[in-house]
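K.L.:
Need coordinates for the following:
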Amino acid sequence: MGVLRRITRVPAAFALPCAARHGVRMWNVLRPTQPAESGFSSGLSIFYDGGCRTDEFVSVGLDMLLKLKVEYTMKRLSVSVKIFILLIIILAALAAISVFLPQGASVPSFELPLPKTLFALLTAFTILLLYGGLGLLGMNLARRVGFADLWSAKSTNRQRLLVPAFIGVGIGLFFILVDAVFSRLHGLGPLPHPPFPTSLVASGAAAIGEEVIFRLFFVSFWVWAISSIVRKDQWKDQIFWIVVCLSALAFAFAHIPSLMFLFGWKTIGDIPTPLLIEIILLNGVLSAFVAYFFRKYGFLSAVSIHFWADVVWHVIRGAI
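P.N.:
Predicted coordinates:
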């Protein structure tokens, strides 16, 4: 018979498999311990007779503990957070897929610094960390300043998905009309679009990724930061729309480097003024609509507007 020993607060996931494997006789189960804050199932304060060492408890029960922790964590997460995590996974997958898709004749050829598979995996991993982290921070700040939650019970699917889809289609048609007018002013012709199916993948990735950065994080952070300085109830709407304007400018100028790359321009001064105005106008209109819906109906409505606008603008217009 082994030496009688006492193990306290051993998680049940550890104790029971080990006891069963070694035929350990439980001399006394004193009581279930209180659930730990980490969410593990209640432990057992036990006396047992046998040769089951602590490292064997860990070895045998590790897989069960991890499963319990994941299940508990997922149960504690809100529906909004779960949907956001799914969106980030989709974004990472789309970004990885785009590495293997044709970019079109308008994109100058260049060589990747790494093999495509490795580059795609690195891209996906970076997006999971960067966009996931900034997005979760943005969701937290958005709640603090009173924005609608991603899956708010106050919003209906019609408000967060259907109406934004129609608005997105309308914005896409507006883009086509504006581009037709401005293409004659700057003389460069219609703005280039990626080929299909790259255009569809890019539309999905942009709808999620750009909204995470420029709305979910940027708008939420600056509204929260400015509201922390002034009284929360003062100038709430004014603060929001000032931040939206800043977000729209940042969003517009974030598209400038890709244009410079496509057309071979070295400085921003090389960009024709009508084209610069077009870029600011297109992205400014989109920014205003998605920011309003993001605040009122949640982040998913912003993603929906952006996606359907890009489908009309890049996928349909690009195929014509």
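K.L.:
Do you know the pLDDT at the residue nearest the centre of the chain?
P.N.:
In the chain, the C-alpha nearest the mean C-alpha coordinate belongs to Ile88, at 3.8 Å (Cα atoms, centre = their mean). With respect to pLDDT, Ile88 scores 97.
K.L.:
The residue lying closest to it once chain neighbours are set aside - how many residues pack around it?
P.N.:
Nearest in space to Ile88, with sequence neighbours left out and distances taken as Cβ to Cβ, 6 or more residues apart in numbering, is Gly132 at 4.6 Å. C-beta coordinates here come from the backbone N, C-alpha and C atoms, glycine included. Neighbour count for Gly132, taken as other Cβ atoms under 10 Å: 18.
K.L.:
for Ala250, same thing?
P.N.:
Applying the criterion other Cβ under 10 Å, we find 14 residues in the vicinity of Ala250.
K.L.:
Surely the residue nearest to Ile88 and Leu86 touch.
P.N.:
No: in this structure, Gly132 sits apart from Leu86 without contact. The criterion is Cβ atoms under 8 Å, and the distance is 11.2 Å.
K.L.:
you'd agree the residue nearest to the centre of the chain is in a strand?
P.N.:
No: Ile88 is assigned helix when assessed by DSSP: H, G, I helix; E, B strand; the rest coil, not a strand.
K.L.:
returning to that earlier point: could you give me the buried positions within whatever helix or strand the residue nearest to Ile88 lives in?
P.N.:
For Gly132, the enclosing helix or strand under DSSP states H and E is helix 116-144. Neighbour counts over helix 116-144 (16 or more other Cβ atoms under 10 Å) mark 120, 123-124, 127-128, 131-132, 134-136, 138-139, 141-142 as buried.
K.L.:
okay, those residues in TSV with pLDDT next?
P.N.:
Written out in TSV, the entries for the buried residues of helix 116-144 read as follows (pLDDT from 0 to 100):
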residue	pLDDT
Ala120	94
Thr123	94
Ala124	96
Ile127	96
Leu128	97
Tyr131	97
Gly132	96
Leu134	97
Gly135	97
Leu136	97
Gly138	96
Met139	96
Leu141	95
Ala142	95
